[in-house]
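Asks: Sequence and computational prediction follow.
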Amino acid sequence: MVKLFSCKAHDGDYFWLRYKHDEEKRYHNIVIDGGRKSNASDFCEMLKRIYENGEQVDAMLLTHFDQDHIMGMLVGLQKAQKKNCIPEIAVLYLNTGRGYWKHHQSGEEWGPLLEETVKIPMANAPGYSANDLMKLTDFLREYGLEKRICPYIVQSCREIQIGDAKFCIISPSDTSLKNLVQNCSDLMQVPPATPYGGADPEWSVSLDELSGCNVPEDASLSNGASIAFLFQFEKIRIAFLGDAHPSVCVDGLLKLGYSSQKPCCVDLVKLSHHGSKHNCSNELLRILRTQNYLLSTDGKSGKLPNKTVLAKLLRSCGSATIYCNYSWWKKSIYSSFFTEEDRKKWLDAGNLNLIELSSENTSEIVKSGLELYGFGRGW
């Protein structure tokens, strides 16, 4: 049995993965990212429940150190510490500049400087440093968890075994990690943002017309170094793509022995970068095959998801079900997202299904043994 909670993390990522064999009494718990600071209370509540169940966190995985993935984890741990409800945490997986430098034993001075110097811009906000990552590692050190950080770099082709589950790492590549570390003093470049609350020009274009368009790949170096992995337990397979670049994922899947002729068929794909068109490609979808997708974003700004991503999914598999932690498409700013042609051909015909994971008590069954839930209040 696999239970996946897609937590309300606003425009960020935060997932709680639970799995066990039917005859086992306790679940394994995997925590993936932590979302925004504003959902830290939910993160704390999750830890409290694991603690009260007499279970442990078998792994806590931070895909990369952008604020919409890290801050809920940091502040949530701090809240749980005050309430004395942090369960045993077996291992933490995260990549740092120091870790990369130690891994390669390069002796180059730029390696240890990543956490102090990297700058990442946010839409409509000044850049921020990776001090947040330093604060998290400082907390782990103070709490006695520093030794639980995995002693190696998490990168493509590595396989991690937790219980009877396998985690096959798809991304990052050594090159994408090196690009991040070597260019740590540069500002990351991001695609132009859609104005807050504004309609993207592509909304007036039909899904059919958008399906074949080419867009530049995400240029963020931190996203390029994001951890993406393939989770396998019993007959369940899920691909978690973090904010990874499609080209890096393609290379990783090829190294794992997959191709368009021998595709990696999974039960669910967590879409990269909250449904950004710069993190999805037709080439990736030819190799990573499914009809079920997981999308994490509140859609508040009207910027994500991009309509082009939905078009590419439909082109790839003919029909798609997208499970979302917010019903973003019901918001007034998305009233023009689908054209009349889109609604008739895809939505009304049942070829595109948008489903909100609204409750931790009500599951959506993807297949026998795989249940999806919502989690958190998402203030």
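Replies: That came through, no problem.
Asks: Residue 180: neighbouring residues, count only.
Replies: As a burial measure, the neighbour count of residue 180 was computed by other CB atoms under 10 Å and equals 26. From N, CA and C alone the C-beta is placed, and that goes for glycine too.
Asks: what's the closest non-adjacent residue to residue 364?
Replies: Residue nearest to residue 364 in three dimensions, not counting chain neighbours: residue 372, with 4.5 Å by CB to CB, 6 or more residues apart in numbering.
Asks: mind listing the strands for the stretch 1-150 of the chain?
Replies: Per DSSP state E, counting those that start in this stretch, the stretch 1-150 of the chain carries strands over the ranges 2-7, 15-19, 28-32, 59-61, 92-93, 119-122, 125-129.
Asks: Does the longest one pack against any helices or strands, and if so which?
Replies: Here strand 2-7 is seen to pack against strand 15-19, helix 40-52, strand 236-240, strand 370-375 when contacts are counted using 3 or more CB pairs under 8 Å, 6 or more residues apart in numbering; DSSP states H and E.
Asks: let's go with 7 Å and repeat that
Replies: Using 3 or more CB pairs under 7 Å, 6 or more residues apart in numbering; DSSP states H and E as the contact definition, the elements that strand 2-7 packs against are strand 15-19, strand 370-375.
Asks: Now do it against strand 236-240: the angle between them, please.
Replies: Using axes from the mean of the first three to the mean of the last three CA atoms, to 10 degrees, the inter-axis angle of strand 2-7 relative to strand 236-240 is 30 degrees.
Asks: Let me know the angle separating strand 2-7 from helix 40-52.
Replies: 150 degrees.
Asks: Check which strands are paired with strand 2-7 and give the direction for each one.
Replies: In the sheet, strand 2-7 lines up against strand 15-19 (antiparallel), strand 370-375 (parallel) (DSSP bridges).
Asks: need these in JSON lines with distance to residue 25, mean neighbour count and mean pLDDT, can you?
Replies: Supplementary listing: the strands paired with strand 2-7 in JSON lines, determined by distance: least, CB to CB, whole Å; neighbours: other CB atoms under 10 Å; pLDDT from 0 to 100:
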{"stretch": "strand 15-19", "distance to residue 25": "13", "mean neighbour count": "23", "mean pLDDT": "98"}
{"stretch": "strand 370-375", "distance to residue 25": "18", "mean neighbour count": "21", "mean pLDDT": "97"}
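Asks: a markdown table for those strands, including distance to residue 341?
Replies: Below are the strands paired with strand 2-7 laid out as a markdown table (distance: least, CB to CB, whole Å):
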| stretch | distance to residue 341 |
| --- | --- |
| strand 15-19 | 34 |
| strand 370-375 | 30 |
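Asks: what about these, which gets the closest to residue 41?
Replies: Closest approach to residue 41 among the strands paired with strand 2-7 is made by strand 370-375 (12.0 Å; CB to CB).
Asks: low pLDDT regions in this structure?
Replies: Filtered on pLDDT under 70, the chain yields the residue ranges 96-131, 184-199, 378-379.
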